[in-house]
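Student: Any chance you could fold what I've pasted below:
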Amino acid sequence: MARKAAKDRDKRAAYWSGDVTRRSNALNLEAGVFTLDDPREIALSLKRSAEESERRKSTPFRSAMSMLTFYINRAGKNLPDSRRRVLEQAKAELRRAFERPAVDNKTVVPAQQN
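Tutor: Next up is the predicted model:
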């Protein structure tokens, strides 16, 4: 019995990143935000959460984008291509919602020379 409890505890510790998404200290996410099918709805939900948060340490845009990127990266290879497309489109919608310029991932910006 003790062996099973230790194994369960170790398993939970291995998935600390899921805990971040559920109980972020920076944003109170709306339930099921990452399961929505509409990229705009995802973006607007993240925007609301970021703007309402009093605990975030950065701008609302950066907090919202960080949480979205964190979720995509956490899912890794297990994220189906169709879902990844929706979430990547949500990034573009988030930029639009915060009136930020679009990002062209194909353009490489050279580092500044000192």
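
Student: For the rest of this, base every contact and every neighbour count on C-alpha atoms.
Tutor: OK.

Student: Let me see the confidence value for residue 7.
Tutor: pLDDT recorded at residue 7 is 64.

Student: now swap in residue 71 and tell me
Tutor: 90.

Student: With residue 31 instead?
Tutor: 89.

Student: Would you confirm that residue 86 contacts residue 34?
Tutor: No - between residue 86 and residue 34 there is no contact under C-alpha atoms under 8 Å: 9.5 Å.

Student: Same drill for the two, tell me which one is more crowded.
Tutor: Comparing residue 86 with residue 34 by neighbour count (other C-alpha atoms under 10 Å), the higher total belongs to residue 34, at 23 against 18.

Student: Does the more buried one touch residue 42 like I think?
Tutor: Yes - between residue 34 and residue 42 there is a contact at 6.7 Å, judged by C-alpha under 8 Å.

Student: What's the local residue count around the residue nearest to residue 61 when sequence neighbours are not counted?
Tutor: Spatial nearest neighbour of residue 61, excluding adjacent residues (C-alpha to C-alpha, 6 or more residues apart in numbering): residue 98 at 6.6 Å. Residue 98 has 13 neighbours, counted by other C-alpha under 10 Å.

Student: Look up the pLDDT of residue 98 for me, please.
Tutor: 95.

Student: Below-threshold pLDDT in the protein: ranges please.
Tutor: By pLDDT under 70, the low-scoring segments of the chain are 1-26, 105-114.

Student: If we use 80, what do you get?
Tutor: Applying pLDDT under 80 to the chain flags the ranges 1-27, 103-114.

Student: I'd like the C-alpha coordinates of the strand or helix carrying residue 69 written as PDB, please.
Tutor: Using DSSP states H and E, residue 69 maps to helix 60-75. Written as PDB, here are the backbone C-alpha positions of helix 60-75 (Å, rounded to 0.1, in the frame of the first residue of the first chain):
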ATOM      1  CA  PRO A  60      -1.500  41.400 -19.800                       C
ATOM      2  CA  PHE A  61      -0.400  40.500 -23.400                       C
ATOM      3  CA  ARG A  62       2.800  38.800 -22.200                       C
ATOM      4  CA  SER A  63       1.000  36.900 -19.500                       C
ATOM      5  CA  ALA A  64      -1.700  35.600 -21.900                       C
ATOM      6  CA  MET A  65       0.800  34.700 -24.600                       C
ATOM      7  CA  SER A  66       3.000  33.000 -22.100                       C
ATOM      8  CA  MET A  67       0.200  30.800 -20.800                       C
ATOM      9  CA  LEU A  68      -0.900  29.900 -24.400                       C
ATOM     10  CA  THR A  69       2.700  29.100 -25.400                       C
ATOM     11  CA  PHE A  70       3.300  27.100 -22.200                       C
ATOM     12  CA  TYR A  71       0.200  25.000 -22.900                       C
ATOM     13  CA  ILE A  72       1.300  24.300 -26.500                       C
ATOM     14  CA  ASN A  73       4.800  23.400 -25.500                       C
ATOM     15  CA  ARG A  74       3.600  21.200 -22.600                       C
ATOM     16  CA  ALA A  75       1.500  19.100 -24.900                       C
END
